[in-house]
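Asks: Structure here, sequence nowhere to be found:
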C-alpha cells in the first residue's frame, strides 16, 4: 500500500473538517467537524508510524484520542451554556465581540 | 497486497462520503451518525495498518463515549430532529473555496514529497502495533506526557462540570 | 563793493528773519530793523553804483592816463566829455558758487553786476527805503505792523536777488518770491474779503504768465545748454541759437512779462491790487515788482531782439502788446473814482511804454523810463496815501472824500503836481526825457505806428492826470472830518521823490548831449548794436504840445464845468455815450470774460467732467482691480482652500474612516469568520511557500 493513499485520505478528511468548522451554524456540528480533523491527523500519524516502524506515532495517536475526548466534553459544556443563554445553538448569534 | 488495497479503498470511499455527509447534512442527528461511520472507518484503517491497540481504543472511546456525548449534547440543545432551515452559515462558499484550496495545496505537497513511498507489510509491522509495544513506549518514553494528559482529563472533567452547571 | 554786491540782497533777507523772530519786542515793532537794513543796502547800492560808473569811465578812457578823482569833478568832466565816446566793452562783475550739480548741469547762485543791475539796485533800495520811512507813519497802529515790515524786507531782498542774478533760475526764484510777497502784502488786511480776493487774483494772474516764463527758461536752457544769462545772451547775439527757437523762447518769456508787468491781457490784477496798503502799492506795484517783467526783457534783450527780429522794423508782438496796453490803460484811467485806481491804470499804461520801448529796439529809452517812472509813480502813490491818510476814514474815493485839498495839504499838493507833470512828460521833468526818448527811437527805427500810439498815450496821460488832480485838490472839500497835512515822516519822502523826479531826467538829457545813462547802463558785451536816435527837437515839441493840449482839454472839462453846456450830462442823455461809458466802467468786460467765461467754464463743466472721469474711470479702474483681487482671493479661499486643500485633507480623513468602516466588518464578532480568514491565510501562505520553494 502506498503511503500516499493514507496521507491523501487524511488530507481529504481534514479539509472536509475545515469546511465544516467554517460553514456550520450549529455549535455541535462544529465540534463534530473538529473531530473529523482530529481523526484525519490520527490517520496520518498511524500511517507514518507504520511506514517508519516507529511506535511513537501510535502513542501520539492515543494521546490525541484522549485529548479529543476531553475537548468534546468541555466543548459541549460551552455549547450548552451558549444555548442556555441564547436559547439557540446558533453560533451566528454569538457576536458580542462585534466591532 | 491486493486485498489490503481493496479493503482500503472501500473503507476510504465510505469514510469520504460519510465525512461529506457530516458537513453537508441538514439533520444534526444524521450528522452524528455519519460521524460514527467515519470513526468506524478510521478504526478499520488502523487495523489495516496493524495498529490494533489504537484501533480498539478508537472504537471504545470515540464511538462508545464521544458520540454518546454528542448525542446528549444534541438532545440538550433541543436541536430539531428534522431538518429546519439551513444549518450552514453565510460563509459557505468562501469556506468551500478555502477548503478546496487547502486540499489542493496539500495534495500537491504530499505527492511531491511522498510520491513513491510504500508501506511494506511485513512481520515487524505487526510488532509495532502490539499492545505491549505501545504500553511499553507510553510508560517508558512518554510517561510524562501520559501523566500530563491525565491531569488534563481531570481538569477537563472539572471544567466541564463547572461550566455547565446551573447555579 | 561790486564783488560783494551779494550783501545787498542779504541784509534785507536777514532783517526779514530778524523782524519775524523778535520784531514785536523792539520799541518800534521791527520798523527800525527794516529801515536800518534797507538803509544799509541803499548805501551799499550807491557805493556799488559809484564803483561801476568808475569802471565804465575807466574803460572809456576819460583822457588817457590821468587820475580820476572821485566825486563831482569826474562826474562833471564825464558829463561833458562824453557823447560820441566809443563803447568799449565793459565786462560785468560776476561771482557765483555752484548750488547743486545734477546730471552734468551746474546750477549756481551768483551775482552779475553791470550797469543795469546797479541801476535797479539803486532804484529798489531808494524807493524801498523811502517807503519804509513813510510806512512808520502811515501804518501806525496797524493790526499787523511787524508782519508788514517783515514782508517789506523780504520783498526788498527778493527783488534785489532778482536783479543781481547771473542765471535764469535765480532770476526765477526772485521772480516767484516777489510774487509771493505781493500776495502777502496785497492781502495785508485779509479779514475783509475783497482784499483776500485781490491778493489771490494777483497771484493767479501772474501765475498764468509765470508758466510762459518757466517754459521760456527751459527752452533757453535746452538751446543754449546753460542757465547763465551772459552765456545765453552771447549765444543769441552771435547767432548760435536758431531763430525759431529764439522766437519761441521770447514768446514764452513775453507771456511772463505780460503777467508780471500788467500788460494786456493779463493786466486785470493790478487795479485790484490797490486793495493793499498804499506804501505797498507805491513800492511794489509802481516802482519795483511790476517792472520785473521789463527788467527781464532788458536783461535777456538779445533773445528778444533776435527772436522777434526787432531790427527789421516790422511790427512785432512785443511792441504791439506794449502799444495796446498804453492806450487801454490810459482810457480806463478816465473813469475811475478811486485815486489809487487811476494811478494803477496809469502804471499799466506806463509799463506799456516800457515794453513797447523794448519792442521797438529802444532799450536805453525803455530802461531809462523804468528809472524815472519809479520815482514819480512812487511819489504819486505816496501822495495819494498822504491825502487819504488825512481823511476821516482813509478812503480813496476822489469824488466823495476829497476835493479842495490844496489849501489844507500844501506839501502833498505841490509834490503831487510835480509828479503829475513828470508823468505827463512835461519838459524839463524826468518823464519828458524818458518818454520822449522812447518816441524818438520808435520813429527812428521805423516803427511809425508805435510812435503815434505813444503820442496818443502822452495826450491821454496828461488828460487823466489833470482830472485826477482837479478832483483831489481843487473845488470844495466833499469829505468828512478835518483834512490836515501829513507828518514829516510822510512828507519828507514825498519831497525827496519830487526832487528825484525833477533831476533824474538829466542823466540822459540828450538835448544837451548828455548820455550818461546810456553809457553807464547799456550793456556792452553780449548785446546787439542798437541805434540811438539823436534828440529830435521836432518830436519833442510835438509830444510836449500834445501833453499841454491834453492838460488844457481836461482842465476845460473839469475846471469849467458850468460852461460845458452841451457836454454836461452827456452820458445820461445819450445812449451811445452811456454804453461807451459802461464799457469802460466794466474794464472792457475783461474781468467778466476771465472770471465768468474762462474760469467759470473750467470750474463748471471741465471740473465736473474731470470729477466724473475720476470717479468712474479712475476710481472704477482702481475699484475694479480691488474687486478683482478680492474675488481672486475669495476664489482662492473658497475653491482652492476650502474645496481642494481641505477636500484633500478631509478626504484623507474620510477615506481613512471609510476604510475603517469597511474593515470594521472584519470584526464581526463571529468566530467562524475569523476561522475562515485564518484558514484562508494559511492556505495562501502555504501556496506561496509551495510556489517559491
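Replies: Great, that's in hand. Not measured: the values here are computed from a predicted model.
Asks: Local confidence estimate at the most centrally placed residue in chain A?
Replies: Central residue of chain A (C-alpha atoms, centre = their mean): residue A:34, 2.1 Å from the mean position. Looking at residue A:34, its pLDDT is 94.
Asks: And for residue C:493?
Replies: 87.
Asks: contacting residues around the residue nearest to the centre of chain A?
Replies: Residues near residue A:34 by C-beta atoms under 8 Å, 6 or more residues apart in numbering or on different chains: A:17, A:21, A:71, A:75. Just so you know, the C-beta spots here come from the backbone N, C-alpha and C atoms, and that holds for glycine as well.
Asks: Please apply the same query to residue C:231.
Replies: Neighbouring residues of residue C:231 by C-beta under 8 Å, 6+ apart: residue C:224.
Asks: So it: helix, strand or coil?
Replies: Look at residue C:231: counting by DSSP: H, G, I helix; E, B strand; the rest coil, its state is helix.
Asks: Now do it against residue C:241, distance only.
Replies: From residue C:231 across to residue C:241, the span is 11 Å (C-beta to C-beta, to the nearest Å).
Asks: Need the residues touching each of those two.
Replies: Shared contacts of residue C:231 and residue C:241, defined by C-beta under 8 Å, 6+ apart, are found at residue C:224.
Asks: filter the contacts of residue A:34 by proximity to chain C?
Replies: Among the contacts of residue A:34, the residues lying close to chain C (C-beta under 8 Å from any C-beta of the partner chain) are residue A:21.
Asks: which one's the longest helix in chain A?
Replies: helix A:56-86 (DSSP state H).
Asks: Buried residues in that one, which are they?
Replies: Using 16 or more other C-beta atoms under 10 Å in any protein chain shown as the test for burial, helix A:56-86 gives A:57-66, A:68-80, A:82-83.
Asks: chain center to it: distance?
Replies: 9 Å (C-alpha atoms, centre = their mean, to the nearest Å).
Asks: for that helix, packing partners?
Replies: helix A:27-52, helix B:52-57, helix B:67-76, helix B:131-140, helix B:143-164 (3 or more C-beta pairs under 8 Å, 6 or more residues apart in numbering or on different chains; DSSP states H and E).
Asks: Just send those helices back as CSV, with distance to residue A:87 too.
Replies: Converted to CSV, the helices and strands packed on helix A:56-86 look like this (distance: least, C-beta to C-beta, whole Å):
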stretch, distance to residue A:87
helix A:27-52, 13
helix B:52-57, 37
helix B:67-76, 13
helix B:131-140, 44
helix B:143-164, 16
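Asks: out of everything not next to it in sequence, what's closest to the most centrally placed residue in chain B?
Replies: The residue lying closest to the centre of chain B (C-alpha atoms, centre = their mean) is residue B:39, at 5.2 Å. Spatial nearest neighbour of residue B:39, excluding adjacent residues (C-beta to C-beta, 6 or more residues apart in numbering or on different chains): residue B:62 at 4.6 Å.
Asks: Just say helix, strand or coil for the one you found.
Replies: What three-state DSSP gives for residue B:62 is helix.
Asks: Among the contacts of residue A:34, which one sits closest to residue C:309?
Replies: Among those, residue A:21 lies closest to residue C:309 (C-beta to C-beta), at 128.1 Å.
Asks: can you count the residues close to that closest one?
Replies: Neighbour count of residue A:21, defined by other C-beta atoms under 10 Å in any protein chain shown: 24.
Asks: Point out where the stretch 401-550 of chain C drops to low pLDDT.
Replies: Applying pLDDT under 70 to the stretch 401-550 of chain C picks out residues C:480, C:510-514, C:526, C:531, C:533-536.
Asks: cool, and chain B?
Replies: Looking along chain B with the criterion set at pLDDT under 70, you get B:1, B:78-86, B:167.
Asks: Tell me how it divides into domains.
Replies: B:1-82, B:127-167 (automatic domain parsing).
Asks: Buried deepest among those, which one?
Replies: domain B:1-82 (a mean of 19; mean count of other C-beta atoms under 10 Å in any protein chain shown).
Asks: roughly how far is it from the heart of the chain?
Replies: Distance, stretch centre to chain centre, for domain B:1-82: 7 Å (C-alpha atoms, centre = their mean).
Asks: Mind giving me the packing neighbours of the host helix or strand of residue C:330?
Replies: In the assignment (DSSP states H and E), residue C:330 maps to helix C:317-333. Applying 3+ C-beta pairs under 8 Å, 6+ apart, one finds that helix C:317-333 makes contact with helix C:243-260, helix C:339-359, helix C:448-473.
Asks: 10 Å instead, please
Replies: helix C:243-260, helix C:269-272, helix C:291-299, helix C:301-307, helix C:339-359, helix C:430-444, helix C:448-473, helix C:575-585 (3 or more C-beta pairs under 10 Å, 6 or more residues apart in numbering or on different chains; DSSP states H and E).
Asks: pLDDT averaged over whatever helix or strand residue C:173 lives in, what's the number?
Replies: Residue C:173 is located in helix C:168-186, with elements delineated by DSSP H and E. The predicted model gives helix C:168-186 an average pLDDT of 92.
Asks: Pull out the buried residues from that helix.
Replies: Neighbour-count burial for helix C:168-186 [16+ other C-beta under 10 Å]: C:168-179, C:181-186.
Asks: gap between that helix and the chain center?
Replies: 7 Å.
Asks: for the helix or strand that that helix is followed by, packing partners?
Replies: Per DSSP H and E, helix C:168-186 leads on to helix C:193-224 as the next helix or strand towards the C-terminus. Using 3+ C-beta pairs under 10 Å, 6+ apart, the elements in contact with helix C:193-224 are helix C:168-186, helix C:229-237, helix C:243-260, helix C:269-272, helix C:291-299, helix C:301-307.
Asks: how about 6 Å then?
Replies: Contacting helix C:193-224 under the criterion 3 or more C-beta pairs under 6 Å, 6 or more residues apart in numbering or on different chains; DSSP states H and E are the following elements: helix C:168-186, helix C:229-237, helix C:243-260, helix C:269-272.
Asks: so can I have JSON lines of those helices showing distance to residue C:348?
Replies: Shown next, in JSON lines, are the helices and strands packed on helix C:193-224 (distance: least, C-beta to C-beta, whole Å):
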{"stretch": "helix C:168-186", "distance to residue C:348": "15"}
{"stretch": "helix C:229-237", "distance to residue C:348": "27"}
{"stretch": "helix C:243-260", "distance to residue C:348": "11"}
{"stretch": "helix C:269-272", "distance to residue C:348": "6"}
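Asks: Now do the same for residue C:100: helix, strand or coil?
Replies: Look at residue C:100: counting by three-state DSSP, its state is strand.
Asks: returning to what we had before: of the helices and strands packed on helix C:193-224, which approaches residue C:597 most closely?
Replies: In terms of C-beta to C-beta, the element of the helices and strands packed on helix C:193-224 nearest to residue C:597 is helix C:269-272, at 17.1 Å.
Asks: Check which helices and strands that closest one sits against.
Replies: Checked by 3+ C-beta pairs under 6 Å, 6+ apart, helix C:269-272 has helix C:193-224, helix C:339-359 packed alongside it.
Asks: so of those, which one's packed in deepest?
Replies: Counting by mean count of other C-beta under 10 Å, helix C:339-359 has the highest mean neighbour count of these, with a mean of 29.
Asks: So which residues make contact with that one?
Replies: Helix C:339-359 is contacted by residues C:261-263, C:267, C:270-271, C:274, C:286, C:294, C:297, C:316, C:318-319, C:322-323, C:325-326, C:329-330, C:332-333, C:336, C:365-366, C:369-370, C:373, C:377, C:380-381, C:384, C:396, C:398, C:438, C:450, C:468 when judged by C-beta atoms under 6 Å, 6 or more residues apart in numbering or on different chains.
Asks: what's the angle between the helix or strand harbouring residue C:556 and helix C:430-444?
Replies: Assigning secondary structure by DSSP H and E places residue C:556 in helix C:537-559. For helix C:537-559 against helix C:430-444, the angle by axes from the mean of the first three to the mean of the last three C-alpha atoms, to 10 degrees is 130 degrees.
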